[in-house]
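Student: Sharing a model that was predicted from the sequence below.
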Amino acid sequence: ALTPNAALLKFQGSANLTVEQVLRRRSEFLTTHKLNVISVRAEPGVVAIAIARLNRRVLHLPEVWKSWNPDCSHGNHDLLIAVKEEDSSRLFLSPKSNAPHTLIAGSTGSGKSVLMQNIILGIACTNTPQQAKIVLIDPKLGVDYFAFEGLPHLQGGIIDDQDNAILTLNELVGEMNRRYTVLKENKVSNVFDLNKKTNATERLPFLWVIHDEFAEWMMTPQYAEDVSDVVGRLGVKARAAGISLVFAAQRPDVNVMPMQLRANLGNRLVLRVDSEGTSEIALGEKGAERLLGKGHLAAKLEGEQSVIHAQVPFVDSSFLAETVALLKGAS
């Protein structure tokens, strides 16, 4: 089968054909036969080998969204982020079905910014500003997010100041506790049930906290301590309160990503990274260093058995500007 990035070949497994044997000969395939083996996976009775295509197919966001019909009556929490390589089915990120918090990693040219734009656009297009709010923190002064300025879902604009970011993150803990009080008053166990209840005392918007390039500020000891503490306190309680953290970095190395922080970011969306070591930290295993860049994704989501390879659709700047303008007008 041809996928956007590869030819997917499946062979019957045997003592003479195992995943380990293919991996050992990976360099030989490349140098002798010009075959770039992206991944080798074991399936029941099968060895599945993905070989990079010479000419990749670009997926565009409007084309991928055509077949997406989410139920938005009480807000949508299942975001379409990519198309799976295995069978061209849709890949969703859901803080309701998967882990509540997510780590995104990817080096320059990997398509990390496009994935982040996909996520923000997906939230804004399938939720009203009353159903979902976005807190956007970016140490790079918001250079990748100028198109979203004025988006009605964006709470407090683009936060590009370290002190303001710490204050905002600490306020999240108070907001989470307040939300639990509201849930208790209405005798429901989570925000999703609260917002469906006809006589609820309050409707609570789902809160997406998106922190790009967090590694840059994690080099500051005070920031690292505060962020790790906040994320640890949010933990699993945040899902019921309707708060989801999305932390992104080019290189989430050990020195900027404490074990506690890593453990709480249960979903991993990893684009091409620069080394096996970074792949092991971000994805939990090797392989992301062999991705092809430009939106080629390895996803490890809570509730899924194994790593899913997928392609993130490209967001054209004119489509992005038009969509944000429409959303501004609708509000």
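Tutor: Yep, it's here.

Student: Ser73: how many residues sit nearby?
Tutor: The burial count assigned to Ser73 is 9, neighbours taken as other C-beta atoms under 10 Å. Backbone N, C-alpha and C define where each C-beta goes, glycine included.

Student: what does His101 give?
Tutor: Taking other C-beta under 10 Å as the neighbour definition, His101 ends up with a count of 24.

Student: That one against Pro95, yeah?
Tutor: Yes - the pair His101 and Pro95 passes the contact test of C-beta atoms under 8 Å, sitting 7.5 Å apart.

Student: residues shared between the contacts of these two?
Tutor: Listed contacts common to His101 and Pro95 are Ser244; contacts here mean C-beta atoms under 8 Å, 6 or more residues apart in numbering.

Student: Check the closest residue to Ala238 other than its chain neighbours and give its pLDDT.
Tutor: Distance criterion C-beta to C-beta, 6 or more residues apart in numbering; nearest residue to Ala238, sequence neighbours excluded, is Pro100 at 5.1 Å. Per-residue confidence for Pro100 comes out at a pLDDT of 89.

Student: If you rank every helix and strand of this protein by mean pLDDT, what lands last?
Tutor: None of the helices or strands of the chain scores lower by mean pLDDT, DSSP states H and E than helix 259-264, at a mean of 77.

Student: Could I get the average pLDDT for the next helix or strand after that helix?
Tutor: Heading C-terminal from helix 259-264, the first helix or strand you meet, by DSSP states H and E, is strand 267-270. Mean pLDDT, computed over strand 267-270, is 94.

Student: Show me what strand 267-270 is packed against.
Tutor: strand 102-105, helix 276-282, strand 296-300 (3 or more C-beta pairs under 8 Å, 6 or more residues apart in numbering; DSSP states H and E).

Student: Confidence-wise, which of these is weakest overall?
Tutor: Comparing mean pLDDT across the helices and strands packed on strand 267-270, the lowest value falls on helix 276-282: a mean of 88.

Student: List the buried residues in it.
Tutor: Neighbour counts over helix 276-282 (16 or more other C-beta atoms under 10 Å) mark Thr278, Ser279, Ile281, Ala282 as buried.

Student: I'd like the distance between the third one and Pro258.
Tutor: Counting by C-beta to C-beta, to the nearest Å, the gap between Ile281 and Pro258 amounts to 11 Å.

Student: how much space between Asp160 and Lys140?
Tutor: As judged by C-beta to C-beta, Asp160 and Lys140 stand 8 Å apart.

Student: er, Phe29 I mean
Tutor: With C-beta to C-beta as the criterion, Phe29 and Lys140 are 39 Å apart.

Student: Ala310 now?
Tutor: The spacing between Ala310 and Lys140, counted by C-beta to C-beta, is 26 Å.

Student: quick one, strands of the stretch 151-300 of the chain?
Tutor: With DSSP state E, counting those that start in this stretch applied, the stretch 151-300 of the chain shows strands at 154-159, 206-211, 243-249, 267-270, 296-300, listed in chain order.

Student: Would you state the helices of the chain in chain order?
Tutor: For the chain, the helices defined by DSSP state H occupy 19-24, 26-33, 61-65, 112-126, 162-185, 191-196, 214-218, 221-234, 237-241, 259-264, 276-282, 317-330.

Student: Can you check which of those gets nearest to His74?
Tutor: Proximity to His74 (C-beta to C-beta) singles out helix 191-196 among the helices of the chain, at 4.9 Å.

Student: now the closest one, how far from the chain's geometric center?
Tutor: If you compare the mean C-alpha spot of helix 191-196 with that of the full chain, they lie 24 Å apart, counting by C-alpha atoms, centre = their mean, to the nearest Å.

Student: Tell me the helices and strands packed up against that helix.
Tutor: Contact analysis of helix 191-196 by 3+ C-beta pairs under 8 Å, 6+ apart lists helix 162-185 as its packing neighbours.
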